[in-house]
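> model this:
(one chain, ligands or ions: 3)
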Amino acid sequence: MSGEKNLKVALLGCGTVGAQVARILLEDANELAARSGAGLQLIGIAVRNLDAKRDAALPQELFTTDAPGLIAQADVVIELLGGMEPAGEYIAAALSKGASVITGNKALIALKGAELNALASQHGAQLRYEAAVAGAIPILRPIADSLAGDHITKVMGIVNGTTNFILDAMDTTGAAFDDVLAEAQALGYAEADPTADVGGHDAAAKAAILASLAFHTTVSSEQVSTQGITEVTAADVAAASAAGYVIKLLAIAERAEAGISVRVYPALVRRSHPLATVHGAFNAVFVEAENAGDLMFYGAGAGGNPTASAVMGDVVAVARQIAAGAPLPNGSVSQAPRLLDFEAIDTRYWIGLSVKDQPGVLAAIATVFGEHGVSIESMSQQVDAEAGAQLRILTHQGTEAALASTVEALTALDAVHCVLSVMRVEGN
Ligand SMILES: NC(=O)c1ccc[n+]([C@@H]2O[C@H](COP(=O)([O-])OP(=O)(O)OC[C@H]3O[C@@H](n4cnc5c(N)ncnc54)[C@H](O)[C@@H]3O)[C@@H](O)[C@H]2O)c1
Ligand SMILES: N[C@@H](CCO)C(=O)O
Ligand code: NA
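Numbers count the residues shown, from 1 in each chain. Ligands and ions are numbered 1, 2, ... in the order given. A predicted model of the protein is given here:
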């Protein structure tokens, strides 16, 4: 490496992902230097507790509790602490002094990405976060670079492994949500507090990041219409399956004439759709672009090694640019987002109703749909001794506003006991 630049790398955090990043930086130092055109010298690892039990292969002298001190000496900072603060403050400090930053922190980027990207541009630094969306899957760089000459029209992803594991297990075993969640926790997929996963918030952060890059704008996680999977029942899953569909939690970013829509909800996907084949805790992102057509990216969305792979790809990309002294691209954010109101979003719906099993019921229900301008594609009825009569109605395309008023009117019907579920249908 004589004559080549030597970059000082600071690692913040030595948890699931950080420990693997440290291992790769040390084990593959020569190869990484050759690929980067610059040496990558790990100068320290910021941790909370110096005495915690760690991989013996990581030299003890690298550990420090002084994160700000480490950042002050670094050319490249890898933030793998998670959470909003102090991660945000540390990233801002690094960028402000011209150090480039790699992070896997989707929650932070989805809220503060615009601010931090601006700070990076202002100080000639780079900010990369491939690990933040769909773990190991290369998705942000394909969207930002490979498809930079195309127009992306829709991104639809299974970007949360925990919820895909739960929905997949419900689909294959017929089990109830609560039982599968307990299994996911026992297997270590779901957090002890799984709210961000099952509530859809983790997917919403990823949706915001995907939408921002796909549509050259800035969408924050607060602007994503979000619904999780806690209300999905075994009966919904079984009825969807009988109709040829599987239920998946989707993060969707879509561009229409009037604006863009970014949303997360459990949706029915036809079994023949590529996203229906994503099982267990795997992730996949389906991208539709005007010229490329349909693309799908698939792989491990989480885990120490897979996520470290995405982090290291960003580290090498950053190092190459620094080594080449190449001017840094200032990103492609150009427009403020024209976000559509949720009410204006157009999709197909699947509505489950518990109804009276008597003459005239179907006619009364069909009338309500007709009065609200929502066209029915198909309807199926199941009657059993315990649950009574249940109807599942699939509609043609309609707006959320029309759906909401239809559901309200259905609830008021004498023939309807209750609305069991309302879900969207996505994909062709
Ligand atoms: N684990 C995954 O599969 C995965 C996948 C994609 C992205 N990510 C993201 O990567 C980041 C790291 O995730 P992880 O799974 O490694 O988390 P983790 O909880 O295993 O590790 C974080 C580590 O940082 C330490 N830490 C927290 N605050 C600190 C502070 N102020 N100073 C020093 N140390 C501190 C914690 O003690 C812990 O050891 C998160 O932003 C996460 O969202 C993780
Ligand atoms: N909790 C996340 C981790 C990866 O971001 C998941 O289940 O996919
Ligand atoms: Na990724």
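> which stretches of this protein form helices?
Taking DSSP state H, the helices of the chain run over residues 16-27, 29-36, 67-73, 87-96, 106-122, 140-141, 161-173, 177-186, 195-198, 201-214, 234-242, 304-324, 361-371, 400-412.
> ligand 3 is nearest to which of these?
Comparing the helices of the chain against ligand 3 with CB to the ion, the closest turns out to be helix 304-324 (4.6 Å). Quick note: C-beta positions are derived from backbone N, CA and C, even for glycine.
> winner for burial among the helices of the chain?
Highest mean neighbour count of the helices of the chain: helix 201-214, a mean of 28 (counted as mean count of other CB atoms under 10 Å).
> what's that helix packed up against?
helix 106-122, helix 140-141, strand 152-158, strand 225-226, strand 245-256, strand 259-270 (3 or more CB pairs under 8 Å, 6 or more residues apart in numbering; DSSP states H and E).
> turn those into CSV, including distance to ligand 1.
Below are the helices and strands packed on helix 201-214 laid out as CSV (distance: least, CB to the nearest ligand atom, whole Å):
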stretch, distance to ligand 1
helix 106-122, 6
helix 140-141, 12
strand 152-158, 14
strand 225-226, 17
strand 245-256, 14
strand 259-270, 17
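> is it possible to get CSV of those that adds mean pLDDT and distance to residue 363?
As requested, the helices and strands packed on helix 201-214 are exported to CSV (pLDDT from 0 to 100; distance: least, CB to CB, whole Å):
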stretch, mean pLDDT, distance to residue 363
helix 106-122, 95, 47
helix 140-141, 98, 51
strand 152-158, 98, 36
strand 225-226, 96, 34
strand 245-256, 97, 26
strand 259-270, 97, 26
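> right, and these - which one's nearest residue 294?
Among the helices and strands packed on helix 201-214, the nearest to residue 294 by CB to CB is strand 152-158 (9.4 Å).
> nearest to ligand 2: which residue in the stretch 301-428 of the chain?
Taking CB to the nearest ligand atom, ligand 2 has its nearest neighbour within the stretch 301-428 of the chain at residue 302, 3.6 Å off.
> show me the contacts for that residue.
Contact analysis of residue 302 by CB atoms under 8 Å, 6 or more residues apart in numbering lists 135, 161, 281, 283.
> if we can go back for a sec, right, and the helices and strands packed on helix 201-214 - which one's nearest residue 346?
Closest to residue 346 of those is strand 245-256 (CB to CB; 7.8 Å).
> quick one: the closest one near ligand 2?
No. With CB under 6 Å from any ligand atom as the criterion, ligand 2 is not reached by strand 245-256; the gap is at least 10.2 Å.
> so for that strand, what gets flagged as buried?
Within strand 245-256, the residues that count as buried by 16 or more other CB atoms under 10 Å are 245, 246, 247, 248, 249, 250, 251, 252, 253, 254, 255.
> which strands and helices sit next to that strand?
strand 152-158, helix 161-173, helix 201-214, helix 234-242, strand 259-270, strand 416-426.
> and stretch 35-44, is it in reach of ligand 1?
No. Stretch 35-44 lies out of reach of ligand 1 by CB under 6 Å from any ligand atom, never closer than 11.4 Å.
> rounded mean pLDDT for that stretch, please.
Summarised as a single mean, pLDDT over stretch 35-44 is 97.
> so what touches that stretch?
1, 4-11, 22, 25-26, 29, 32-33, 62-64, 70, 73-74, 76, 315-316, 319-320, 322-324.
> thank you, goodbye.
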